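In: Got a predicted model here, sequence first, then my questions.
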Amino acid sequence: MFKNAIVRKPCKAMIDGITSAPELGKPDYELAVKQHEDYIRALEQTGVKVTILPANEDYPDSCFVEDTAVLTRTCAIISNPGALSRRGEAKEMLPTIREFFPEDKIEYIQSPGTLEGGDVMMVGDHFYVGRSARTNEEGIRQFVEILERNGLSGSEVPLEFVLHLKTGVNYIENNNMLVSGEFVEKPDFKDFNKILIPEDEAYAANCIWMNDFVIVPAGYPVVEQRVRDAGYEVILVDTSEYKKLDGGLSCLSLRFSALK
Ligand code: CIR
C-alpha cells in the first residue's frame, strides 16, 4: 500500500524538455496542465495523499519527479540524474522529502555515479535497476550498497533501446509484470506472470499500480483490456502531452509511505 505521492506541476518551459521524439511535436502546455490535474485526481482516487509542488521554470523536465529520488519502505535515496540539464532537480526535492523521511534515513547517489528513478523498479524489497544512458555502473553500485545497508536488495538490468527501465517494464504486484520489447525475454523476469505489451502500444508498458488500482494511459485498448483481464480496476489518464517528452505515468509522481 502507498499512503503518499508527490507531484510537481509542469512549468511553461516544459515545451523545451528533453525528447527523443521531436516528430511528435511540442507539448500543448494548457492541455498538459489539464492532464496533470486529471492525474492528481486519479492518484487521490486510489487513496493516497498527494503533495503538489509548484512549477519550477528553471528545469523544463521538472514535472517528471520520479527521476529525482527513490522512496522505499526503509529509506529515501536522492538520485543524481544522468541528464545534465536535470541534475539540479534532485536537490530541489530535498526539502519536501525531509518532511516525510528523518535525516538519518536519507541517502544520496553521488558523482561520478548517476541514477534516475525511472530506471528503478520495485518488486517488494528488491529493486531492479536499469543500466541506461542516464544510470551508470557507479550509480548502481552506490544504489545497491545503500539498499543493502537499509535491509533491501538490488540488481542490475542492462537495457539498450528505451530511455529508462520503466519505459518498457512495470511491476503491478501479485507477481504480474507488464513487459514490452527488449524485456519480454530477459532472464531476470522469467518467474513473473508476464502481461505482453504489443509493439504498437509500447508506450502503455508504463502503467502504475496504486493500492489495487492500475492507472493506464488512455488510448491503448489492448493493454487496458489485458490489465482488466488480470483482475485490476483500471483508471485511465490521458498523458499525450507528456509522451511527447518521453514521459509516462510513473514519471509524474513519487509514490511511497512516509516514515515520519
Ligand atoms: C527526460 O528525458 O528526462 C524527460 N523528458 C522524460 C523523463 C521521463 N521520466 C521517467 O521515465 N521516469
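Out: Happy to help now that I have it. Please read these numbers as outputs of a predicted model, since none were measured by experiment.
In: What ranges in the stretch 151-260 of the chain fall below the confidence cut-off?
Out: Applying pLDDT under 70 to the stretch 151-260 of the chain flags no residue at all.
In: hey, where'd the helices end up in it?
Out: For the stretch 151-260 of the chain, the helices defined by DSSP state H, counting those that start in this stretch occupy 165-168, 221-229, 240-243.
In: among those helices, which is nearest residue 257?
Out: Closest approach to residue 257 among the helices of the stretch 151-260 of the chain (C-beta to C-beta): helix 165-168, 19.6 Å. All C-beta spots, glycine's among them, are computed from the backbone N, C-alpha and C.
In: Convert the C-alpha atoms of the closest one to PDB, please.
Out: The C-alpha trace of helix 165-168 is given here as PDB (Å, rounded to 0.1, in the frame of the first residue of the first chain):
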ATOM      1  CA  LEU A 165      13.900   0.600 -17.400                       C
ATOM      2  CA  LYS A 166      10.200   1.500 -16.600                       C
ATOM      3  CA  THR A 167       9.700   2.800 -20.100                       C
ATOM      4  CA  GLY A 168       9.500  -0.800 -21.000                       C
END
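In: and that helix, what does it pack onto?
Out: Packing contacts for helix 165-168, counted by 3 or more C-beta pairs under 8 Å, 6 or more residues apart in numbering; DSSP states H and E, involve strand 120-123, strand 126-131.
In: about what we covered before: for the helices of the stretch 151-260 of the chain, give me CSV that also has distance to the ligand.
Out: Shown next, in CSV, are the helices of the stretch 151-260 of the chain (distance: least, C-beta to the nearest ligand atom, whole Å):
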stretch, distance to the ligand
helix 165-168, 6
helix 221-229, 17
helix 240-243, 8
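In: just the ones you listed: most buried one?
Out: helix 165-168 (a mean of 26; mean count of other C-beta atoms under 10 Å).
In: need the contact list for the closest residue to the ligand within the stretch 51-200 of the chain.
Out: Among the residues of the stretch 51-200 of the chain, residue 118 lies closest to the ligand, at 2.5 Å counting by C-beta to the nearest ligand atom. Residues in contact with residue 118 (C-beta atoms under 8 Å, 6 or more residues apart in numbering) are 64, 66, 67, 134, 163, 164, 165, 166, 167, 250, 251.
In: Next up, phi/psi of the closest residue in space to it that isn't next to it in sequence, please.
Out: Distance criterion C-beta to C-beta, 6 or more residues apart in numbering; nearest residue to residue 118, sequence neighbours excluded, is residue 164 at 3.2 Å. Main-chain dihedrals, residue 164, degrees, to the nearest 10: phi -120, psi 160.
In: For residue 132, see how far away residue 164 is.
Out: 6 Å (C-beta to C-beta, to the nearest Å).
In: do residue 61 as well
Out: 15 Å.
In: Then residue 143?
Out: In terms of C-beta to C-beta, residue 143 sits 13 Å off from residue 132.
In: Need the overlap of contacts for these two.
Out: Joint contacts of residue 143 and residue 132 (C-beta under 8 Å, 6+ apart) do not exist.
In: who does the nearest residue to residue 71 once chain neighbours are set aside bridge with?
Out: Spatial nearest neighbour of residue 71, excluding adjacent residues (C-beta to C-beta, 6+ apart): residue 256 at 3.6 Å. Legend: beta-bridge partners of residue 256 under DSSP bridges are residue 4.
In: and residue 256, what is it in contact with?
Out: Residue 256 makes contacts with 2, 3, 4, 5, 71, 72, 100, as judged by C-beta under 8 Å, 6+ apart.
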